[in-house]
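> Take a look and give me a structure for this.
(2 chains)
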Amino acid sequence: MGNWIKKGTPYLILAALSLPLLLLYAWLFIGAFSPRTHGLIPEGFTLSNWSFLFTPWGNRPSIWVAALNSTLLAGGYTVILLLISSTAAYALSRLSFRGRRFFMMLVLVLHAFPSITLLIAIFYVLRALRLYDTLIGVALVKTALELPLGVWVMKGFFDNVSWDIEMAALIDGCSRLQAWRRVMIPMVRPGIAALAVFAFVLGWNEFLLPYIYMPSARNWTLSVFIRSVTAGGAGEILFVNYGVIAAAGLFYVLPVLLFFLFTQRYLLQIYAGGVKG
Amino acid sequence: MRQVERELEVAKRGRGFSLPLLRIRPGVSKQGVAALLFLSPAALIVLLFFVAPVLLTFWISMTNMSVATLGRTEIIGFSNYLRILRSPYTSRILQNTLLYVSATLTFNVGMGLILALLTTHIEERVGVLFRALWLLPRVTPSVVYALLWTWATAPAPFGTLNQVLGPLGLPSRNWLTTQPWGVIILANGFVGASLGMIIFTSAIKAIPPDYIMAAQVDGATTWQIIRRIILPLIRWPIMFVTAYQTLSLLASFEYILLLTEGGPGFYRTEVWALYAYHQALSNYFGNVQFGFGAALAAVLVAIGVVASVIYLRVFRFQEMMSEPKIEGV
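Sure, this is the predicted structure:
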């Protein structure tokens, strides 16, 4: 009996600590399919909350446009990030050149630096580059913010590739670029997959950058779209149909949740590796 | 001489050697050209979105740039900084920031540690499950996550929190307007705890099991094992997470913006970073003051630069300085 209590206690504490999380997310699923909820208790079942999928919601653009924008932003920035961080990481991992030390320090300093403080100035950079209110502009800013992490993670993967293979390619007459493209990139495929999953989720979730840097309705991502519905905040909660908002929220978060179920391993790799002390 | 050559050969084949001998650096080498090629895209991005913005922040902070003065911006030196010092709101914002950072940090590190200790103590399969659950807020879009909290803390009969507390005799209330700080800190904390959890978990797993078994044989209690063995062995990861999150929290405002917009009422939950954002990019009264906002941001930028350089010295200096295993092809 005493042993049983001793074994069970950690489980009980964990369950109690995690209960708020479960309750939070439970509402999303319950609320999305009922006309109204009292706490977590639904008042019947309905699919009418999901009508926004087919009919416009006020004077907002179609939610499918927002979904497309989110996909383009997340996908575009992921591709740019992978390209830029895997080239830079290769140089830092494999080449000896003047300034290498400096670049390594730069990557690490930028990794710790809270880049969100630069929001105001980046506004002007985007204006100057004529990239304000464009998807590509926001994708570039997002790339920049995640670049230090990307370079650091990819460098870790390159460091672990045996030198013999690359040496053989170089001796056979490959240039550095060919060696990178044909030999090294295939060797670090798991690293690229992990970084891609991580980056895509971040891009899909991103709120502040599209909210600030591409305000036009045609550019709205799902995050900005949903913000436009919930912006009333706590004060107006009673005047808005929260069943519809729950449905929209679920529509937005569901791809991430499914993705998360299957790719958790990759995400953990980045979280643990990218910031290891 | 032969000996040296052989050593060079061995070193060239890698395997953990990093001989200072090998640093051959003729002017601009072939590798230098390759490095330039490989690094230039990243360098360009860093130049455009880190270096230029840092300089711009300081430059704008020295001007009176605002909606009212657009087109005839003048350099006004440190006036914006003086305005920060003299402003009656500054002390309020500072207090808010201090409360937000310290309370959230305490929750993050404490909860992260508790979760790591518990999930490594129990059956691994269940532990993985709990860790995945705690990662959920981190992968949930911030707008949806804030929505979940807004709903959970809504007044009766809608909010889950009131429904749970009702039977205990607590009167219903809109928690987000009556206890905004409590909600903000918890909402942030449930996201933030997972970073500590992940890092502490891998640190705890790296402790040789012999240490703990030996202590158990000697009759140590679980508490003694945690206190005397585990905590001292993971003190570097704890320091790292604390340092890293202090800086991130200081600059963060996304969840506050989504939950309360700095309210309710006048600057009730406005922190420094949110204040800068409001002044420069999204003023309620439409009177956007880039110069003043930039000065507020510049303070954070300066803290960020100094702190991240210090962190680099403290946490990574040795590790990062190792040269590539092989050079000079």
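
> Could you report the neighbour count for B:Leu105?
For B:Leu105, the count of nearby residues is 22 (other CB atoms under 10 Å in any protein chain shown). (C-beta placed from N, C-alpha, C; glycine too.)

> So it lies in a strand, does it not?
No - assessed with DSSP: H, G, I helix; E, B strand; the rest coil, B:Leu105 is helix; it does not lie in a strand.

> pLDDT score for it?
You'll see B:Leu105 listed with a pLDDT of 95.

> try A:Ala112
Reported pLDDT for A:Ala112: 83.

> So for the chain, the centremost residue is which one?
Picking chain A for this. With distances taken as CA atoms, centre = their mean, the residue of chain A nearest its centroid is A:Leu202 (0.8 Å).

> Switch to chain B, please.
Short answer for chain B (CA atoms, centre = their mean): B:Ser248, at 2.9 Å.

> What helix or strand is that one located in?
Using DSSP states H and E, B:Ser248 falls within helix B:235-251.

> tell me which strands and helices the helix or strand just after that helix is in contact with?
Per DSSP H and E, helix B:235-251 leads on to helix B:254-259 as the next helix or strand towards the C-terminus. Packing partners of helix B:254-259 (3 or more CB pairs under 8 Å, 6 or more residues apart in numbering or on different chains; DSSP states H and E): helix B:142-152, helix B:180-205, helix B:272-281.

> Which residues are in contact with whichever residue of the stretch 51-200 of chain B sits closest to chain A?
Closest contact between the stretch 51-200 of chain B and chain A, by CB to the nearest CB, is at B:Gln163 (3.0 Å). Neighbouring residues of B:Gln163 by CB atoms under 8 Å, 6 or more residues apart in numbering or on different chains: A:His38, A:Gly39, A:Leu40, A:Ile41, B:Ala156, B:Pro157.

> What's the first helix or strand after the host helix or strand of it?
Under the criterion DSSP H and E, the helix or strand holding B:Gln163 is helix B:160-165. Per DSSP H and E, the first helix or strand lying C-terminal to helix B:160-165 is helix B:175-178.

> any idea how far that next one is from the chain center?
On the basis of CA atoms, centre = their mean, to the nearest Å, helix B:175-178 sits 26 Å off its chain's mean C-alpha point.

> Show me what counts as buried in that helix.
Buried positions in helix B:175-178, judged by neighbour count with 16 or more other CB atoms under 10 Å in any protein chain shown: B:Trp175, B:Leu176, B:Thr177.

> Mind putting the residues you listed into JSON lines with pLDDT and distance to A:Leu17?
Compiled in JSON lines, the buried residues of helix B:175-178 are given as follows (pLDDT from 0 to 100; distance: CB to CB, whole Å):
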{"residue": "B:Trp175", "pLDDT": "83", "distance to A:Leu17": "19"}
{"residue": "B:Leu176", "pLDDT": "83", "distance to A:Leu17": "22"}
{"residue": "B:Thr177", "pLDDT": "83", "distance to A:Leu17": "26"}
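
> now those in CSV, with distance to chain A?
Shown next, in CSV, are the buried residues of helix B:175-178 (distance: CB to the nearest CB, whole Å):
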residue, distance to chain A
B:Trp175, 8
B:Leu176, 4
B:Thr177, 6
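
> Go through the residues you listed and name the one nearest A:Ala91.
Set against A:Ala91, the nearest of those by CB to CB is B:Leu176 (48.8 Å).

> tilt between whatever helix or strand B:Gly127 lives in and helix B:142-152?
Applying DSSP H and E as the criterion places B:Gly127 in helix B:124-139. Here helix B:124-139 runs at an angle of 100 degrees relative to helix B:142-152 (axes from the mean of the first three to the mean of the last three CA atoms, to 10 degrees).

> For helix B:124-139, which outside residues touch it?
Contacts for helix B:124-139 (CB under 8 Å, 6+ apart): A:11, A:14, A:18, A:21-22, A:25, A:201, A:205, A:256-257, A:260, A:264, A:267-268, A:271, B:115, B:118-121, B:145, B:190-191, B:193-195, B:197-198, B:201.

> List the residues that contact B:Ile185.
Residues near B:Ile185 by CB under 8 Å, 6+ apart: B:Tyr100, B:Ala103, B:Thr104, B:Phe107.

> can you list the helices and strands packed on helix B:254-259 in JSON lines and add mean pLDDT and distance to A:Met104?
Formatted as JSON lines, these follow (pLDDT from 0 to 100; distance: least, CB to CB, whole Å):
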{"stretch": "helix B:142-152", "mean pLDDT": "90", "distance to A:Met104": "32"}
{"stretch": "helix B:180-205", "mean pLDDT": "92", "distance to A:Met104": "21"}
{"stretch": "helix B:272-281", "mean pLDDT": "90", "distance to A:Met104": "28"}
